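> Quick one: sequence and predicted model below, then my questions.
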Amino acid sequence: MSDGLELRSVTVQREGAKIVRGVDLVAPRGQVTVLLGPNGAGKTTLLEAISGIVGSSGGEIILDGSELNKVARYRRARLGLGHVEQGRAIFGELTVNENIAVAAKDAAGHAAASQLFPELEPRHDTQAGLLSGGEQQMVVIARALAAEPTLLLIDEMSLGLAPVIVQRLMPRVRQLADEGIGVLLVEQFAALALSIGDSAYVMSRGEIRHCGPCADLVGQTDVLRGAYFGGTGKGATESDDPSAS
């Protein structure tokens with residue numbers, strides 16, 4: 001594989017404990033790859049290892065054919081890796097336009113990112129801290145896109161947002177993939193994520209328990225039930241709370 005993200009047996013340890021165990025995953029350009037799983041499954045840790053927030057203790061992280069394991073976080077960004085972390089981290093005192101500008105490679109990148117969310121246009125001169133939660137999430141995504149990534153990690157975009165706002169944001173994520181960007185999406189609203197995704201992985205206790213086309217997983221409720229709640233169905237491995245990430 002040359003275009004997109006590939007993980008080969010990636011392992012991540014924290015305080016001596018293996019949080020991620022031998023994960024294999026492929027997230028091609030031009031597709032939305034969905035990563036599902038209960039609270040504590042290791043999804044956020046995996047994304048942090050990909051972007052360089054935490055180090056991986058084994059395996060390979062490859063972006064567009066280049067191995068990233070020993071590459072500094074800022075260099076991973078320069079190589080085309082974007083990361084929308086949990087929590088809508090914005091510069092509250094800066095305007096919407098300034099938040100996007102700080103990450104823009106050039107004027108073209110700034111313009112393209114700004115155009116993704118027409119709703120923000122009348123708010124460009126407003127301090128980001130005064131925006132609604134949904135608008136702030138739009139700013140965070142636009143800022144990540146201003147750096148012109150080839151692969152975008154999105155961690156729980158819907159966290160703290162009303163479902164109606166999430167329904168407005170999901171088609172924009174699909175639009176990014178249709179324009180050629182690879183997206184690895186961690187999401188608590190499984191049905192919505194699967195509706196815009198191409199392929200899906202289900203993670204439980206640090207391991208991938210299932211992978212396949214999103215359309216197929218929609219009909220396999222036993223796989224999701226097993227990952228989130230445990231039990232006797234296919235993929236049943238643990239008991240956990242599916243409402244959290």
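Done, it's in. Numbering: from 1, shown residues only.

> give me the low-pLDDT residue ranges for this structure?
Within the chain, the segments meeting pLDDT under 70 span 1-2, 88, 229-245.

> how about 80 then?
1-2, 87-88, 105-106, 109, 219, 221, 223-245 (pLDDT under 80).

> Okay, strands next: where are they in it?
4-14, 17-28, 32-36, 58-63, 66-67, 81-84, 151-155, 182-186, 199-204, 207-213 (DSSP state E).

> Show me the domain layout of the protein.
1-80+150-237, 89-148 (automatic domain parsing).

> Now tabulate those in CSV and tack on mean neighbour count.
For the C-beta atoms, the positions are set from N, CA and C on the backbone; glycine is no exception. Putting these into CSV (neighbours: other C-beta atoms under 10 Å) gives the following:
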stretch, mean neighbour count
domain 1-80+150-237, 19
domain 89-148, 17
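
> circling back: would JSON lines of the strands of the chain with distance to residue 224 be doable?
Shown next, in JSON lines, are these (distance: least, C-beta to C-beta, whole Å):
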{"stretch": "strand 4-14", "distance to residue 224": "22"}
{"stretch": "strand 17-28", "distance to residue 224": "18"}
{"stretch": "strand 32-36", "distance to residue 224": "7"}
{"stretch": "strand 58-63", "distance to residue 224": "26"}
{"stretch": "strand 66-67", "distance to residue 224": "33"}
{"stretch": "strand 81-84", "distance to residue 224": "24"}
{"stretch": "strand 151-155", "distance to residue 224": "19"}
{"stretch": "strand 182-186", "distance to residue 224": "15"}
{"stretch": "strand 199-204", "distance to residue 224": "7"}
{"stretch": "strand 207-213", "distance to residue 224": "9"}
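
> pretty sure residue 59 contacts residue 10?
Yes - if you go by C-beta atoms under 8 Å, residue 59 and residue 10 touch, sitting 3.7 Å apart.

> is the residue nearest to the spatial centre of the chain in a bridge, and if so with what?
Among the residues of the chain, residue 154 comes closest to the average C-alpha position under C-alpha atoms, centre = their mean, at 2.2 Å. Taking DSSP bridges as the rule, residue 154 bridges to residue 84, residue 185.

> Kindly provide the distance from it to residue 220.
Taking C-beta to C-beta, to the nearest Å as the measure, residue 154 falls 23 Å from residue 220.

> before we move on, back to that, just so I know, which of the strands of the chain lies nearest residue 140?
strand 81-84 (5.6 Å; C-beta to C-beta).
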